[in-house]
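> What follows is a predicted protein model with its sequence.
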Amino acid sequence: MPSRPDDVRQSLGLPDFVDPVDVGEASLAASQTWGDERPATARGLSTGDPAAGVARPFGSAGHESRFAGDDSGDNASARPGRAGRRRQGRGGSSSGFGQSSFGTSSFGASSSGVGARSGAKRKAKKQLTWAEKAERREKRAAARREAEAAEREKDPIGYAREIVLTQLTAMPRSRSQLADKLREKEVSEDVIDVVLDRMEDVGLVDDEAYAAMLVRSKLASRGLARRALRQELKRKGIDDDLATVALEQVDDDVEREHALVLARKKMVTMSRLDEPTQKRRLAGLLARKGYSGELVWSVIRQVQEEAS
């Protein structure tokens with residue numbers, strides 16, 4: 001049943017002097033002339049068009065026939081204008097986009113395809129076992145040894161000299177240490193003697209200076225006693241006579257002074273312990289540094305007296 005003009009005028013908020021029929025005819029004329037420029041979601045305000053999904057406003061194609069007295073409204077809705085056709089095209093493309101983005105999309109398919117290909121490549125890359133890795137390392141080491149052997153046969157003295165200079169660049173070394181390194185590289189004894197004698201002549205290898213330097217360094221950094229310093233020099237390949245000469249710079253007073261420094265530093269960390277525990281730990285510390293038993297107990301008594 002068509003709505004009465006008074007009801008339509010009241011629902012639209014029109015003044016009394018405006019006829020709803022005139023409004024409907026003006027809307028129909030504009031729709032036929034320019035096409036329906038309104039978006040699809042804005043059509044229909046009172047009829048509830050199921051295609052649009054919202055109510056159809058007054059003056060649209062569904063209401064125009066009621067006031068115009070013919071079926072022009074239906075014909076107008078059946079013949080959308082250019083804007084309507086463009087909107088339908090956009091709607092189709094947007095629905096395609098929605099399907100592409102969130103459904104079985106070409107973008108998602110292509111992305112998953114790339115991920116599948118990269119995963120296949122990762123799977124195709126062979127994972128080496130520990131045995132295969134060890135075999136590769138052995139092959140590289142064998143190739144390196146072959147290259148070194150070729151260079152050694154070509155110029156044995158030059159090869160040995162390069163090794164010695166490389167070792168001395170890193171840190172000072174004794175003649176015994178350098179000789180051991182050359183033997184590891186399979187250099188003959190004759191070449192070793194020739195190269196090291198030459199290094200001693202030019203002053204690059206000097207066991208006496210090296211021993212004196214080692215004693216000073218270990219005494220200052222670790223507080224070693226003379227007995228421990230002698231063992232350190234022997235481990236470095238220093239001759240006993242040279243070791244004795246190097247240890248002459250450490251007398252009894254210097255040794256006791258370094259022992260007191262070690263004991264006092266240790267006592268700071270044992271202030272809450274009882275005296276027997278302090279004595280046991282101090283004795284173990286000084287004994288490991290190579291100090292004699294007589295000096296150890298003398299230092300412990302002095303340090304405990306200072307702490308009390």
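Alright, I've got the coordinates.

> any idea which element the closest residue to Gln249 other than its chain neighbours lies in?
Of all residues not flanking Gln249 in the chain, Val215 sits nearest, at 6.4 Å (C-beta to C-beta, 6 or more residues apart in numbering). Yep, even glycine has a C-beta here, placed from its N, CA and C like the rest. If you go by DSSP states H and E, Val215 is part of helix 207-222.

> List the contacts of that helix.
Here helix 207-222 makes contact (C-beta atoms under 8 Å, 6 or more residues apart in numbering) with 172-175, 224, 228-229, 232-233, 236, 238-239, 242-243, 245-247, 249-250, 254, 258, 289.

> Pull out the buried residues from these.
173-175, 224, 228-229, 232-233, 236, 238-239, 242-243, 246-247, 250, 258, 289 (16 or more other C-beta atoms under 10 Å).

> what about the helices in the stretch 151-300 of the chain?
Listed in chain order, the helices of the stretch 151-300 of the chain (DSSP state H, counting those that start in this stretch) span 156-170, 175-184, 189-201, 207-222, 226-235, 240-247, 252-268, 275-288, 293-307.

> Now do the same contact list for the closest residue to Lys218 other than its chain neighbours.
Distances taken as C-beta to C-beta, 6+ apart put Leu224 closest to Lys218, at 4.9 Å, once the chain neighbours are dropped. Contacts for Leu224 (C-beta under 8 Å, 6+ apart) come out as Lys218, Glu232, Lys289, Gly290.

> and the gap between the third one and Gly237?
Shown here: Lys289 relative to Gly237, a distance of 22 Å by C-beta to C-beta, to the nearest Å.

> Next: the last one.
Between Gly290 and Gly237 the computed distance is 19 Å (C-beta to C-beta).

> of those two, who's got more company?
The neighbour count for Gly290 versus Gly237, taken as other C-beta atoms under 10 Å, is higher for Gly290 (19 against 16).

> buried sites along the helix holding Val215?
For helix 207-222, by 16+ other C-beta under 10 Å, it's Asp207, Tyr210, Ala211, Ala212, Leu214, Val215, Leu219.

> Now flag whichever of the residues you listed is closest to Val299.
Leu219 (16.0 Å; C-beta to C-beta).

> okay, the buried residues of helix 207-222 in CSV with distance to Lys279 and pLDDT next?
CSV is the format used below for the buried residues of helix 207-222 (distance: C-beta to C-beta, whole Å; pLDDT from 0 to 100):
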residue, distance to Lys279, pLDDT
Asp207, 40, 95
Tyr210, 38, 95
Ala211, 35, 95
Ala212, 35, 95
Leu214, 32, 95
Val215, 29, 95
Leu219, 25, 92
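
> Closest one to Lys139 out of those, please.
Among these, Tyr210 lies closest to Lys139 (C-beta to C-beta), at 38.6 Å.

> How about the contacts made by Val194?
Val194 makes contact with Ile157, according to C-beta under 8 Å, 6+ apart.

> now with 10 Å?
Taking C-beta atoms under 10 Å, 6 or more residues apart in numbering as the criterion, Val194 is in contact with Pro156, Ile157, Ala160, Arg161, Ser188.

> now do Arg264
Going by C-beta under 10 Å, 6+ apart, Arg264 touches Leu282, Val299, Gln302, Val303, Glu306, Ala307.

> again with Ser298
Counting by C-beta under 10 Å, 6+ apart, Ser298 has contacts Arg256, Ala259, Leu260, Tyr291, Ser292.

> and the two most separated of these?
Across those (C-beta to C-beta), the longest gap, 14.4 Å, separates Leu260 and Ser292.

> Show me which of the two is the more surrounded one.
Leu260 (18 against 15).

> what's the nearest residue to the more buried one if we skip its chain neighbours?
Closest residue in space to Leu260, ignoring its immediate chain neighbours: Val299 at 5.7 Å, by C-beta to C-beta, 6+ apart.
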